[in-house]
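Colleague: Fold the following and give me the result.
(2 chains)
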Amino acid sequence: MTSPRLRFAPSPTGYLHIGGVRTALFNWLWARKTGGAFILRIEDTDQERSTAESRQVILDSLKWLGIDWDEGPEVGGPNGPYSQMERLSVYKEHAERLIAERKAFRCYCTKAELDAQREALKKKDPKAQFKYPGTCRNRTDQPDLPYVVRFMVDREGSITYTDKVFGEVKTPNIEQQDFVLVRSDGVPLYNFGAVVDDITMGVTLVARGRDHMINTPPQIMLYQAFGAKVPDFAHLPMMLNQKGEKLSKRDGAVGVFEYRDAGYAPDAVLNYLARFGWSHGDQEIFSKKDLIEAFSWEACGRGDGKFDTKKFLAINHEHLKTERLLSADEYATRVLPFLAQRGLPEVTKEDVARALYTIRERARTFVEAADMLDYFFRAEPAMDAKAVEKFLVTDAAPRLRGFRDALASAEWTEADLEAKAHAYLEKEGIQIKDVAQPARVALTGRTASPGLYQVLFVLGRDASLGRLTKAIEIAEAR
RNA sequence: GGCCCCAUCGUCUAGCGGUUAGGACAUCGGCCUCUCACGCCGGUAACGCGGGUUCGAUUCCCGCUGGGGUCGCCA
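Modeller: Residues are numbered from 1 along each chain as shown, chains lettered A, B, ... in the order given. Here you go, the predicted structure:
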């Protein structure tokens, strides 16, 4: 068997949403697993809604996710161009061919006429299904009027195909009508453009969302009309919102960049999306490499699912915690922009690398990580008013002083810091908890942080002693 | 409504005739503990209904119910 050729064909009419990413991902995984080709094609024939910005967002989204394409925009390839509006001549040629073979015809009916017919039928029988009545099927004249090209559908029999996830799917041809191939402005419609492109680009497996299942029979008719080999099809169950409806902008964060901006790691996004509608035994956590190795169409489920933001967050947390899934080096690189956003543009990767271990298992997103790292990189920590109020009280001053003085003689390793602190506590006969919270507030400005000795160690001697001194002053002043 | 598709804990899912129906997220207890986390231990929680087939159905078949998709000169 030759290597499969797959494609992802988004229309640039908005951001790349999470469902589209999953479709792209499954195609990409299969291409990478099998050594096949992954083609990116831009279906921009809806000139009303397509924009250059959207096209760029889609490209950038895929790049951010690490989903690369072998043929398509920017990288080119032997079957280009890869934007449909640049392929108009190809469609025209194919449409002319079908017309010449009497498999398609020019239709001069206007939208208004057809709408009127539809209305009339509905009036007579509200339940009736309006189908194009074949008005122009046998017209031989070619008036100087706008026309669309329609496919001449044989409404006998049925179309059957074997879906790689749903199995055999059979649809009676009587359901079809003479569907439009090319608009009156010469631009192809979805079914025609997609099929012509898939044929000319040599696509052998079409994997897309289940919402496209309805398009498969007419598309197969087109392959047959062209005498082309019908590709394999794989439809994916849908991702629904929490209410069980088709995901839409109204559902909040559905654009990939919203997750990027919320501090998600690209591989975690891929992990969550892959496990949605696909499984591999009990395994929940996958690196990108794991995914490529394990993926198969047979293991795809058929039931639609509801998007679960909590699980998505948990998967991201798992990735941020795990070195195998996200190296400390990459972590540092990715958290930098979020620190800059907080007004810490001078922080370097090395700075982050030193402090990272203290927060690694705590931060669920890079946004949280930046927040947890914040006080390490400021001359003075931002003091939480409530924390000060509660812990930097007058009584705390002497203990903080003793604690600070005990630490001053430490070697400034976590172990020695702890040893010196313990010696002090023992001498005074007090518990660590009697001094820990005031000290924590002094050092970090907050009531929750990594372990005290870790914070002291990362902060360094000068900053630590300075912050403790400052806190003692605050406490004494109350 | 027509056509197509689907159906295991709240959610994502494992299961491919015989299981105490498993895992993960969430949730509820507990342990650990200088706070917050992490980690660990434990609990609650599912086969939509009705017929078949079979010695035996969550699993195979049919019907019902429920849900979703789609019915454009959008994709």
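
Colleague: use CA for all of it now, contacts and neighbours both
Modeller: OK.

Colleague: The residue lying closest to A:Lys164 once chain neighbours are set aside: neighbour count?
Modeller: Distances taken as C-alpha to C-alpha, 6 or more residues apart in numbering put A:Ala234 closest to A:Lys164, at 4.7 Å, once the chain neighbours are dropped. The number of residues packed near A:Ala234 is 23, by other C-alpha atoms under 10 Å.

Colleague: At the contact with RNA strand B, which residues of the stretch 251-400 of chain A appear?
Modeller: A:275-284, A:299-308, A:310-312, A:314-315, A:361-363 (C-alpha under 7 Å from any atom of the strand).

Colleague: Looking at chain A, which residue reaches furthest from the middle?
Modeller: Farthest-out residue of chain A from its mean C-alpha position, per C-alpha atoms, centre = their mean: A:Lys427, at 56.7 Å.

Colleague: after the helix or strand encompassing it comes which helix or strand?
Modeller: Using DSSP states H and E, A:Lys427 falls within helix A:414-428. Next helix or strand after helix A:414-428 toward the C-terminus (DSSP H and E): helix A:432-444.

Colleague: quick one: the following helix or strand past that following helix to helix A:432-444, angle?
Modeller: Using DSSP H and E, the helix or strand that follows helix A:432-444 in sequence is helix A:452-459. On the basis of axes from the mean of the first three to the mean of the last three C-alpha atoms, to 10 degrees, helix A:452-459 is oriented at 30 degrees to helix A:432-444.

Colleague: Give me the contact list for helix A:452-459.
Modeller: With C-alpha atoms under 8 Å, 6 or more residues apart in numbering as the contact definition, helix A:452-459 has outside contacts at A:354-355, A:358, A:376, A:412-415, A:417-418, A:436, A:439-440, A:443, A:449, A:464.

Colleague: Now find how far off-centre the helix or strand of chain A with the lowest mean pLDDT is within its chain.
Modeller: Counting by mean pLDDT, DSSP states H and E, chain A has its least confident helix or strand at helix A:111-124, which shows a mean of 89. On the basis of C-alpha atoms, centre = their mean, to the nearest Å, helix A:111-124 sits 42 Å off its chain's mean C-alpha point.

Colleague: How about stretch A:129-139?
Modeller: Averaging C-alpha positions (C-alpha atoms, centre = their mean) puts stretch A:129-139 43 Å from its chain's average.

Colleague: Buried residues of that stretch, list them for me.
Modeller: Neighbour counts over stretch A:129-139 (16 or more other C-alpha atoms under 10 Å) mark A:Tyr132, A:Arg137 as buried.

Colleague: shaky segments in chain A?
Modeller: Applying pLDDT under 70 to chain A flags residues A:1.

Colleague: Tell me the spacing between the residue nearest to A:Ala370 when sequence neighbours are not counted and A:Arg378.
Modeller: Among residues not flanking A:Ala370 along the chain, A:Leu339 sits closest, at 5.3 Å (C-alpha to C-alpha, 6+ apart). Distance from A:Leu339 to A:Arg378, counting by C-alpha to C-alpha, to the nearest Å: 11 Å.

Colleague: out of these two, which sits in the busier spot?
Modeller: For the pair A:Leu339 and A:Arg378, the greater number of neighbours falls to A:Leu339 (23 against 14), based on other C-alpha under 10 Å.

Colleague: Pretty sure A:Glu364 sits against A:Leu313.
Modeller: In this structure residue A:364 is Arg, not Glu. Yes: contact criterion C-alpha atoms under 8 Å: A:Arg364 and A:Leu313 qualify, at 6.8 Å.

Colleague: How about the residues of the stretch 1-150 of chain A by RNA strand B?
Modeller: Residues of the stretch 1-150 of chain A lying close to RNA strand B by C-alpha under 7 Å from any atom of the strand are A:9-11, A:43-46, A:49, A:108-111, A:127, A:129-130, A:146-148.

Colleague: Out of these, which end up buried?
Modeller: A:Ala9, A:Pro10, A:Ser11, A:Glu43, A:Asp44, A:Thr45, A:Asp46, A:Tyr108, A:Cys109, A:Tyr147, A:Val148.

Colleague: Tabulate these (a markdown table), appending secondary structure and distance to A:Asp178.
Modeller: Compiled in a markdown table, those are given as follows (DSSP: H, G, I helix; E, B strand; the rest coil; distance: C-alpha to C-alpha, whole Å):
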| residue | secondary structure | distance to A:Asp178 |
| --- | --- | --- |
| A:Ala9 | coil | 25 |
| A:Pro10 | coil | 25 |
| A:Ser11 | coil | 24 |
| A:Glu43 | coil | 22 |
| A:Asp44 | coil | 23 |
| A:Thr45 | coil | 20 |
| A:Asp46 | coil | 21 |
| A:Tyr108 | coil | 13 |
| A:Cys109 | coil | 12 |
| A:Tyr147 | coil | 14 |
| A:Val148 | strand | 11 |
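
Colleague: is it true that A:Phe38 lies in a strand?
Modeller: Yes: using DSSP: H, G, I helix; E, B strand; the rest coil, the secondary structure at A:Phe38 is a strand.

Colleague: For beta bridges, what are the partners of it?
Modeller: A:Leu6 (DSSP bridges).

Colleague: which residues touch it?
Modeller: Contacts here follow C-alpha under 8 Å, 6+ apart; on that basis A:Phe38 touches A:Arg5, A:Leu6, A:Arg7, A:Phe8, A:Asn27, A:Trp28, A:Ala31, A:Arg32, A:Trp69, A:Asp70, A:Glu71.

Colleague: Please enumerate the strands of chain A.
Modeller: In chain A, the strands defined using DSSP state E lie at A:5-8, A:37-40, A:104-107, A:148-151, A:158-163, A:167-172, A:180-182, A:205-209, A:232-236, A:239-240, A:305-306.

Colleague: now those in JSON lines, with distance to A:Glu473?
Modeller: Listed next are the strands of chain A as JSON lines, based on distance: least, C-alpha to C-alpha, whole Å:
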{"stretch": "strand A:5-8", "distance to A:Glu473": "63"}
{"stretch": "strand A:37-40", "distance to A:Glu473": "63"}
{"stretch": "strand A:104-107", "distance to A:Glu473": "88"}
{"stretch": "strand A:148-151", "distance to A:Glu473": "83"}
{"stretch": "strand A:158-163", "distance to A:Glu473": "73"}
{"stretch": "strand A:167-172", "distance to A:Glu473": "74"}
{"stretch": "strand A:180-182", "distance to A:Glu473": "79"}
{"stretch": "strand A:205-209", "distance to A:Glu473": "64"}
{"stretch": "strand A:232-236", "distance to A:Glu473": "64"}
{"stretch": "strand A:239-240", "distance to A:Glu473": "56"}
{"stretch": "strand A:305-306", "distance to A:Glu473": "54"}
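
Colleague: I'd like to know which of those strands is closest to A:Asp371.
Modeller: With C-alpha to C-alpha as the measure, strand A:305-306 is the member of those nearest A:Asp371 (30.4 Å).

Colleague: Indicate each strand paired with the closest one and its parallel or antiparallel sense.
Modeller: Strand pairing for strand A:305-306, using DSSP bridges, gives strand A:239-240 (parallel).

Colleague: Please state the offset of the strand it pairs with from the chain centre?
Modeller: That offset, for strand A:239-240, works out to 13 Å (C-alpha atoms, centre = their mean).
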